[in-house]
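Visitor: here is a sequence with its predicted model. Questions after.
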Amino acid sequence: MTSPDTRASADPRPPDPPDAATDDPVVPLHRNRDFLLLWGGSAVSQLGSTATTIAYPLLVLAITGSPFAAGLAGFVTLLPALLLPLPAGALVDRWPRRRLMIWCDALRALGAATIAVASALDVLGLPLVLAVGFAEGALTVFHGLAAHAAVPNVVPPSQLSLALSRNEARGRAAVMLGTPLGGMLFGLGRAVPFLADALTYLVSLTGLLFIRKEFEAKRSARTGSMREQVHEGLRWLWRQPFLRTTTLLVAGSNLMFRALFLVAIVLATDIGASSTGVGLMVGFAGAGGVLGSLAAPWFARRVGLAPW
């Protein structure tokens, strides 16, 4: 639901340092079983989520005929990504990350399946779409932050920059491939993209069950309140000029992209574009992001920036 740009970049706190498991003999990233399970499960679920990102406004337009309602649905699904990253980041630091991600996948699958069933039975209304969209967006924020923070614990430090760039490329590829897929699936039936989304969450959940490494290092007891942790994270971010500027730029670009995304869907629908055509139009926006993500390790080596 939530644009992939917003899931991980909003976390102001650096993840826990890698645990002792990273002292094992280093294997290439493409042979790191735990990373592949984490990366692959997230890739599948992001593909499904992005497919429903295009399907939600198309669905609301279909059941209400109102561009305002479609815009409202888009706003409600985006709202968790604007409001929750800071408190969610503090909670992710307190809760077991693997268990949190499993619960998020299970509940997101239930929400997507609810939309699919209600749509198939022709009993779907705007309030249900808004409620499920907000809940799925909130769960996606928690899942994305937990997955992002888990990466340093499943890959060695020498591969961290490459692993993070693969994660970013995964999100951009999901935008490029998922939006046309969502449009095509919506053309097959209103319930189809949401049913597919539910299945992708179950795939992600299954992969999490087979990961051997822990998702966090041994934590010291938390003595401060969640508010204090949020303030600490903000102070840390503000002291990092590059990350501070990048975060503000990405936040602004994501907000503008989302607004243009909804306007483009409504305009394209008004002039008779098919759901597949709408998906292709939005999907092209992800192509540049894929190339930029793949170039990130080279850029980091040349400029000499630390990953955090």
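Guide: Yes, it's here. Numbers count the residues shown, from 1 in each chain.
Visitor: give me the below-cutoff pLDDT ranges for the chain.
Guide: By pLDDT under 70, the low-scoring segments of the chain are 1-25, 218-224, 226, 253-255, 257-259, 261, 273, 279, 281-308.
Visitor: OK, contacts around T200?
Guide: V44, S45, L47, G48, S49 (C-beta atoms under 8 Å, 6 or more residues apart in numbering). For glycine as for every other residue, the C-beta is placed from the backbone atoms N, C-alpha and C.
Visitor: separation between the third one and L83?
Guide: To tie it back to what came earlier, the one meant is L47. Noted for L47: a distance of 25 Å to L83, by C-beta to C-beta, to the nearest Å.
Visitor: okay, the two: which has more neighbours?
Guide: Neighbours per residue (other C-beta atoms under 10 Å) separate L47 from L83, with L47 holding more: 21 against 13.
Visitor: the more buried one: what's it in contact with?
Guide: Shown in contact with L47 (C-beta under 8 Å, 6+ apart): A174, L177, G178, L181, T200.
Visitor: any idea which of the residues you listed is closest to A62?
Guide: Nearest to A62 among the contacts of L47 is L181, at 17.9 Å by C-beta to C-beta.
Visitor: count the neighbours of the closest one for me.
Guide: Neighbour number of L181 under other C-beta under 10 Å is 21.
Visitor: look up how far H143 lies from it.
Guide: When distance is defined by C-beta to C-beta, L181 is 20 Å away from H143.
Visitor: continuing past the biggest helix by length in the chain, what's the next helix or strand?
Guide: Taking DSSP state H as the criterion, the chain has its longest helix at helix 33-64. On the C-terminal side of helix 33-64, the nearest following helix or strand under DSSP states H and E is helix 67-83.
Visitor: helices or strands next to that next one in the packing?
Guide: Applying 3 or more C-beta pairs under 8 Å, 6 or more residues apart in numbering; DSSP states H and E, one finds that helix 67-83 contacts helix 33-64, helix 126-150, helix 241-270.
Visitor: those helices into JSON lines, with extra columns for distance to V76?
Guide: Shown next, in JSON lines, are the helices and strands packed on helix 67-83 (distance: least, C-beta to C-beta, whole Å):
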{"stretch": "helix 33-64", "distance to V76": "9"}
{"stretch": "helix 126-150", "distance to V76": "5"}
{"stretch": "helix 241-270", "distance to V76": "12"}
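Visitor: looking at those, which is nearest to V230?
Guide: Nearest to V230, of all these, is helix 126-150, at 13.0 Å by C-beta to C-beta.
Visitor: so which bits of the helix or strand just after that closest one are buried?
Guide: Using DSSP H and E, the helix or strand that follows helix 126-150 towards the C-terminus is helix 160-188. Buried residues in helix 160-188, defined by neighbour count with 16 or more other C-beta atoms under 10 Å: 160-187.
Visitor: helix or strand right after helix 160-188?
Guide: Downstream of helix 160-188, the first helix or strand assigned by DSSP H and E is helix 192-209.
Visitor: next, the angle from the helix or strand following that next one to helix 241-270.
Guide: Scanning forward in sequence from helix 192-209 by DSSP H and E, the next helix or strand is helix 226-238. Angle of helix 226-238 versus helix 241-270, following axes from the mean of the first three to the mean of the last three C-alpha atoms, to 10 degrees, is 100 degrees.
Visitor: and helix 226-238, how far out from the chain's middle?
Guide: From the chain centre to the centre of helix 226-238 is a distance of 22 Å (C-alpha atoms, centre = their mean, to the nearest Å).
Visitor: can I get it as CSV, trimmed to CA atoms?
Guide: C-alpha atoms of helix 226-238 as CSV (Å, rounded to 0.1, in the frame of the first residue of the first chain):
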residue,chain,number,x,y,z
MET,A,226,9.1,6.0,23.9
ARG,A,227,8.9,9.8,23.6
GLU,A,228,12.5,10.2,24.8
GLN,A,229,13.6,7.6,22.2
VAL,A,230,11.8,9.5,19.5
HIS,A,231,13.4,12.8,20.6
GLU,A,232,16.8,11.0,20.7
GLY,A,233,16.3,9.7,17.1
LEU,A,234,15.4,13.2,15.9
ARG,A,235,18.4,14.7,17.6
TRP,A,236,20.6,12.0,16.0
LEU,A,237,19.2,12.6,12.6
TRP,A,238,19.6,16.4,12.9
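Visitor: perfect, that will be all.
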